[in-house]
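J.: could you work out the structure for the sequence below:
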Amino acid sequence: MVKHRLKALKMFDIGFAELLVIIVLGLLILGPERLPVALKTMALWSGRFKRSYQQIRSDIEKEIGVDEIRHQLHNEDILQSIKTTQSNLEQFVNETEQSLTPVKKDIDKESTTNQLNPA
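T.: Alright, predicted model coming up:
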């Protein structure tokens, strides 16, 4: 629970020192009797705001189909990876064919020579 609250404070980039200053100012302004009630009220409103925000975000994601978009982007990434692999493979095959061309010519030349001069 404390970690969750600290994460919420990180969202606003409030450190411990700033939080301490806010509490001291609240204590001076509201007094020791009303400060706990004010903090409780702020915590309740903060919780309501977070729940509302999460609900609205969830509704919007459902409405626009974020899961489908993520899935489609993932599929596009996979497709791009396959195309890159295919391109690399084709390049490798072409380079191999080019490097084997002189060997093939030598073999053909030897075969022709052996056919003309059968030993």
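J.: helix or strand right after the worst-scoring helix or strand of the chain on mean pLDDT?
T.: Taking mean pLDDT, DSSP states H and E as the measure, helix 2-11 is the helix or strand of the chain with the lowest mean score, a mean of 52. Following helix 2-11 in sequence order, the next helix or strand is helix 16-64 (DSSP states H and E).
J.: what packs against that next one?
T.: helix 2-11 (3 or more C-beta pairs under 8 Å, 6 or more residues apart in numbering; DSSP states H and E). All C-beta atoms are positioned from the backbone trio N, CA, C, and that covers glycine.
J.: let's go with 10 Å and repeat that
T.: Counting contacts by 3 or more C-beta pairs under 10 Å, 6 or more residues apart in numbering; DSSP states H and E, helix 16-64 packs against helix 2-11, helix 66-116.
J.: tell me the gap between the longest one and the middle of its chain.
T.: Here helix 66-116 shows a centroid-to-chain-centroid distance of 31 Å under the convention C-alpha atoms, centre = their mean, to the nearest Å.
J.: output the contacting helices and strands for it.
T.: Judged by 3+ C-beta pairs under 10 Å, 6+ apart, helix 66-116 is in contact with helix 16-64.
J.: any stretches of the chain with poor pLDDT?
T.: When residues are selected by pLDDT under 70, those of the chain lie in 1-12, 114-119.
J.: domain ranges for it?
T.: 1-34, 61-109 (automatic domain parsing).
J.: quick one, what contacts Ser58?
T.: The neighbours of Ser58, taking C-beta atoms under 10 Å, 6 or more residues apart in numbering as the test, are Val66.
J.: roughly how far does it sit from Lys50?
T.: 12 Å (C-beta to C-beta, to the nearest Å).
J.: what's the answer for Leu89, then?
T.: Taking C-beta to C-beta as the measure, Leu89 and Lys50 are separated by 50 Å.
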